[in-house]
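**Q** Just a sequence and a predicted model for now, questions to come.
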Amino acid sequence: MTTSESRLILFDIDGTLISSGPVALAAFSSALLDTFGTAGDIQNYRFEGRLDPIIVLELMTAAGLPRATVEKRLPSALALYLDRLERALSDSSPRLKPGVREILDDLSARPGIVNALLTGNVERGARIKLTAAGLWDYFAFGAWGDEGPTRNDLGPVALRRAREKTGKAFLGKESVVVGDSRHDVLCGKAIGARVVAVATGRTGASELEAAGADVVLTDLSDLSIAREAILG
């Protein structure tokens, strides 16, 4: 990549940049229990790549609650979860995945690079987690988990917001999605972006390759390899 080129780098959060571990799960579970009377089968639910509102909807309807009831109470459940998450993370910072701060420092120093977020978290959740991890200020903007019915709908949101925030109309081929789940891969491919998948979450490298990632890395710990994978 030459210095005259621009690139939009869209990062997933959980499993890619950080791990909030049992802290986030406990906050989510308790919020569901207090709002709906059950947390459903939360221990066996696969969170990776899912959108926060859809997680609530799927868990609660699978537990037998009417969809209309879940949708009505969903904003209250998410607000309660975020209040508890914020309190919990004031005492326990998320764990950064290997090489994350180094690659963000490297990319942030490069002219023409725009680092942004494409995540299943709602905006407040993203801010809480990344502020606690010391990463929030690396990102110019985000596409959030309540801005579309599916993750694939968030790619166009990110491209539109990039134009609004930077004044440049990034094409899909000028964008890179970095994530740890097959949903991240499919979302990136839906907008024609390069996809760099990291096997730092619950999804193995073989599944990420099968989903169509352009590059699959064990993690981002080797700066030169991570930079080359992302910038191509």
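**A** Thanks, I have the structure now. Just so it is clear, the model here is predicted, and its values are computed rather than measured. Numbers count the residues shown, from 1 in each chain.
**Q** doesn't residue 175 make contact with residue 230?
**A** No: using Cβ atoms under 8 Å, residue 230 is not in contact with residue 175; the gap is 11.0 Å. C-beta: built from backbone N, CA, C; applies to glycine.
**Q** joint contacts of those two?
**A** 9, 194 (Cβ atoms under 8 Å, 6 or more residues apart in numbering).
**Q** after the biggest helix by length in the chain, next one along is what?
**A** As assigned by DSSP state H, the longest helix anywhere in the chain is helix 67-89. Of the helices and strands lying after helix 67-89 in sequence (DSSP states H and E), the nearest is strand 95-96.
**Q** Beyond that following strand, next helix or strand please.
**A** helix 100-108.
**Q** Pull out the buried residues from the host helix or strand of residue 157.
**A** Following DSSP H and E, one finds residue 157 within helix 154-166. If you call a residue buried by 16 or more other Cβ atoms under 10 Å, then helix 154-166 has these buried ones: 154-155, 158-159, 161-162.
**Q** Ok, stretch 185-198 next?
**A** For stretch 185-198, using 16+ other Cβ under 10 Å, the buried residues are 185-191, 193-198.
**Q** Now residue 182. Its backbone dihedrals?
**A** phi -60, psi -30 (degrees, to the nearest 10).
**Q** how many neighbours does it have?
**A** Neighbours of residue 182 under the rule other Cβ atoms under 10 Å: 18.
**Q** go on, residue 134?
**A** Residue 134: 13 neighbours (other Cβ under 10 Å).
**Q** Repeat that for residue 199.
**A** Neighbours around residue 199, by other Cβ under 10 Å: 19.
**Q** Settle this for me: residue 145 is touching residue 119, isn't it.
**A** Yes: counting by Cβ under 8 Å, residue 119 is a contact partner of residue 145 at 6.2 Å.
**Q** With neighbour numbers in mind, choose between those two.
**A** Neighbour count, other Cβ under 10 Å: between residue 145 and residue 119, residue 119 has more, with 31 against 24.
**Q** re earlier: next step: the buried residues of stretch 185-198 restricted to strands.
**A** 194-198 (DSSP state E).
**Q** Closest to residue 204 out of the residues you listed?
**A** Nearest to residue 204, judged by Cβ to Cβ, of these is residue 197 at 10.3 Å.
**Q** Spit out the contact partners of that closest one.
**A** Here residue 197 is in contact with 178-180, 184-185, 203, 205, 208-209, 211, 213, 215-217 (Cβ under 8 Å, 6+ apart).
**Q** Check what pLDDT it gets.
**A** Per-residue pLDDT puts residue 197 at 98.
**Q** same question, the one 3 residues further on
**A** Residue 200 carries a pLDDT value of 97.
**Q** that older thread, and the next element down the chain from the helix holding residue 157?
**A** Where DSSP H and E defines the elements, the next helix or strand beyond helix 154-166 is strand 175-179.
**Q** From residue 56, how far out is residue 32?
**A** 7 Å (Cβ to Cβ, to the nearest Å).
**Q** shared neighbours, the two?
**A** The contact lists of residue 32 and residue 56 share residue 77, where a contact means Cβ under 8 Å, 6+ apart.
**Q** Residue 197 versus the residue lying closest to residue 210 once chain neighbours are set aside, what's the distance?
**A** Using Cβ to Cβ, 6 or more residues apart in numbering and skipping residues adjacent in sequence, the residue nearest residue 210 is residue 182, 7.9 Å away. Going from residue 182 to residue 197 by Cβ to Cβ gives 8 Å.
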